[in-house]
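structure, please.
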Amino acid sequence: MDFAGKRITVMGLGRFGGGVGVARWLCAQGADVLVTDTDTPDKLTDSLAAIHPLIDSGQISLRLGEHNVSDFTTCDLVVANVAVPKPWENRFLRAAEAARIPVATEISLLIDHLPAHTRARTIAVTGSAGKSTTTAMIHHALTAALRPTGAQVLLGGNIGGSLLGELDRIDERTWLVLELSSAMLYWLERTGEGTRRWSPHIAVATNLSPNHIDWHGDLTHYRAAKQSLIRHQSPRDTVILGDSIWDWRELTAAATARIDPATFSLPMKLPGDHNRTNAAAAALACRAAIPTADPSIIDRAIADFAGLAHRLQLVAEVQLAPGEPLRFYNDSKSTTPESCLKALEALGDLPGFSTSRIHLIAGGYDKGSDLTPIAAAAARLARLYTIGKTGPALAAAAGERAAECGTLELAFDTALAAMRPGDALLLSPGCASWDQFVNFEQRGERFVKLVEGLVN
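I've put the predicted structure just below:
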């Protein structure tokens with residue numbers, strides 16, 4: 001589509017700016033953009049500030065606090081925010097389709113507008129757990145390996161922000177590393193037709209466990225969305241699969257490689273066997289991407305990777321009494337029970353430490369996941385402190401080893417009063433944040449502020 005002069009409705013600006021990048025890009029193409037969001041302006045302050053000049057110039061108009069069906073049926077294109085759950089049931093998107101208005105997303109626009117040669121230099125990562133860290137490791141190591149050549153490596157998708165604004169910078173030497181969520185993959189599959197069906201040259205799928213059931217409706221739909229990453233690969237492509245989903249190799253014509261943590265033996269800055277698994281996946285992806293590169297450069301870069309904020313991040317060690325200091329870990333990115341258990345395992349395996357010295361804060365928005373494993377783990381912990389909508393049920397299931405606190409602040413204070421020298425307080429909720437926070441970043445930042453207040 002030639003966007004110049006077209007009327008385009010962007011559905012969902014988002015409190016965290018999810019629609020900012022695509023709105024800006026569409027305006028740069030000459031489109032007249034309507035941004036509509038069910039949130040009111042006071043909840044979208046930062047996002048609105050980011051597009052304020054375009055609002056003032058009249059290129060962007062707003063409808064906030066509600067959606068209007070006519071905005072979806074009288075335009076030339078609708079761009080939906082991938083956060084909209086069960087979009088096939090959404091009455092506004094259904095109205096657009098009934099009016100034969102095409103529907104796209106930011107990620108589908110990116111894929112559609114990438115130069116054809118870019119696919120051969122694209123690595124995409126998905127999975128229920130570990131995908132963000134694996135994606136960041138690949139970007140970090142690929143950048144190190146390609147530094148002598150001057151090639152650039154861009155990070156995007158579900159991590160790193162929109163790449164639409166970078167399209168002019170992408171040339172024959174550019175590599176793309178994308179983290180793709182199940183919602184993004186659903187839309188890529190839904191909006192692609194014929195030759196536009198897309199899979200990356202190198203695909204990485206870390207694992208699969210029940211997640212985002214509230215968005216997909218059931219596990220079968222969630223699994224199918226994840227599997228679409230590899231369905232359209234050719235024999236010249238590569239797919240790297242976790243051990244638990246090794247049978248997915250039957251879904252693709254690509255060459256396959258199996259993730260084995262034992263193949264990555266260097267000492268790592270990030271703790272935990274799960275991060276060694278992430279490292280093994282990243283190493284396989286980088287070697288498949290540039291087989292002529294020195295593998296030691298790739299491995300050393302991955303081993304030296306210090307990790308991402310909110311992912312088992314050591315916030316501080318605080319000396320409040322004689323003896324060993326207290327340690328505080330921010331793992332707010334943990335939005336599944338599996339990721340919470342992996343964080344517990346990683347800390348429990350640290351030299352001279354054990355899970356019996358971990359005070360865990362868990363709970364949050366209810367995505368329909370089974371939280372029984374977290375409740376069962378409470379018996380091995382110093383104590384469990386629950387927050388959010390899932391907090392009451394999680395505390396009840398854990399019994400006397402748990403304290404229902406409701407808020408993060410109360411959980412922090414309650415845990416601090418019970419901690420002994422050498423103990424660790426871990427925020428690893430195992431649930432999404434949307435009941436009390438805009439996103440997991442805000443939740444993690446609140447935890448960090450509490451720790452900083454203690455330090456000060």
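
how about the residue located most distally from the centre of the chain, what does it touch?
For the chain, the largest distance from the centre (CA atoms, centre = their mean) belongs to Pro322, which lies 39.7 Å off. Pro322 is in contact with Pro421, counting by CB atoms under 8 Å, 6 or more residues apart in numbering. C-betas here are computed from N, CA, C, even on glycine.

for it, which three-state class applies?
Following DSSP: H, G, I helix; E, B strand; the rest coil, the label given to Pro322 is coil.

and it, how far from Val455?
Pro322 is 18 Å from Val455, where distance means CB to CB, to the nearest Å.

same check on Trp246?
Counting by CB to CB - Trp246 and Val455 are separated by 45 Å.

can you check the pLDDT for the residue farthest from the centre of the chain?
Per-residue pLDDT puts Pro322 at 88.

same deal with Arg15?
Arg15 is given a pLDDT of 68.

same check on Lys367?
So, for Lys367, pLDDT stands at 85.

excluding sequence neighbours, find me the nearest residue to it.
Nearest residue to Lys367, sequence neighbours excluded (CB to CB, 6 or more residues apart in numbering): Asp214, at 4.9 Å.

do me a favour and average the pLDDT over the helix or strand where that neighbour lies.
Element membership for Asp214 (DSSP states H and E) is helix 213-216. Across helix 213-216, the average pLDDT comes to 91.

buried residues in whatever helix or strand comes next after that helix, which are they?
Downstream of helix 213-216, the next assigned helix or strand under DSSP H and E is helix 219-227. Counting neighbours by 16 or more other CB atoms under 10 Å, one finds that the buried residues in helix 219-227 are 221-223, 225-227.

okay if I get those residues as CSV plus pLDDT?
Below are the buried residues of helix 219-227 laid out as CSV (pLDDT from 0 to 100):
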residue, pLDDT
His221, 96
Tyr222, 96
Arg223, 96
Ala225, 96
Lys226, 97
Gln227, 97
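
and which of those residues is nearest to Ser132?
Lowest distance from Ser132 to the buried residues of helix 219-227 (CB to CB) belongs to Lys226, with 14.9 Å.

correct me, but the closest one touches Met184?
No - Lys226 is beyond contact range of Met184, at 10.6 Å (criterion: CB atoms under 8 Å).

who does Val204 bridge with?
Note on Val204: beta-bridge partners by DSSP bridges are Val125, Ile240.

let me fix that, I meant to ask about Arg383.
Here Arg383, judged by DSSP bridges, has bridge partners His359.

kindly provide the distance from it to Ala4.
Using CB to CB, one gets 61 Å for the distance from Arg383 to Ala4.

do Leu110 as well
19 Å.

who has more neighbours out of these two?
Taking neighbours as other CB atoms under 10 Å, Leu110 and Ala4 compare with Leu110 leading, 24 against 9.

roughly how far is the helix or strand hosting the more buried one from the heart of the chain?
Element membership for Leu110 (DSSP H and E) is helix 106-113. For helix 106-113, the separation from the chain centroid amounts to 18 Å (computed by CA atoms, centre = their mean, to the nearest Å).

same check, this time on stretch 235-249
Centroid displacement of stretch 235-249 relative to its chain, using CA atoms, centre = their mean, is 21 Å.

repeat that for stretch 240-259.
On CA atoms, centre = their mean, the centre of stretch 240-259 falls 21 Å from the chain's centre.

C-alpha coordinates for it, CSV please?
Extracted C-alpha coordinates of stretch 240-259, given in CSV (Å, rounded to 0.1, in the frame of the first residue of the first chain):
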residue,chain,number,x,y,z
ILE,A,240,17.1,-24.6,16.6
LEU,A,241,14.8,-26.4,19.0
GLY,A,242,14.7,-26.9,22.8
ASP,A,243,14.7,-30.5,24.1
SER,A,244,11.0,-30.4,25.2
ILE,A,245,9.8,-29.4,21.7
TRP,A,246,12.3,-31.5,19.6
ASP,A,247,9.3,-33.1,17.8
TRP,A,248,8.6,-29.8,16.2
ARG,A,249,11.3,-30.6,13.7
GLU,A,250,8.6,-32.6,11.8
LEU,A,251,6.8,-29.3,11.0
THR,A,252,9.6,-27.8,9.0
ALA,A,253,11.8,-28.5,6.0
ALA,A,254,14.7,-26.6,7.6
ALA,A,255,17.9,-28.1,8.9
THR,A,256,17.5,-28.8,12.6
ALA,A,257,19.7,-28.4,15.7
ARG,A,258,18.9,-29.4,19.2
ILE,A,259,19.7,-27.2,22.2
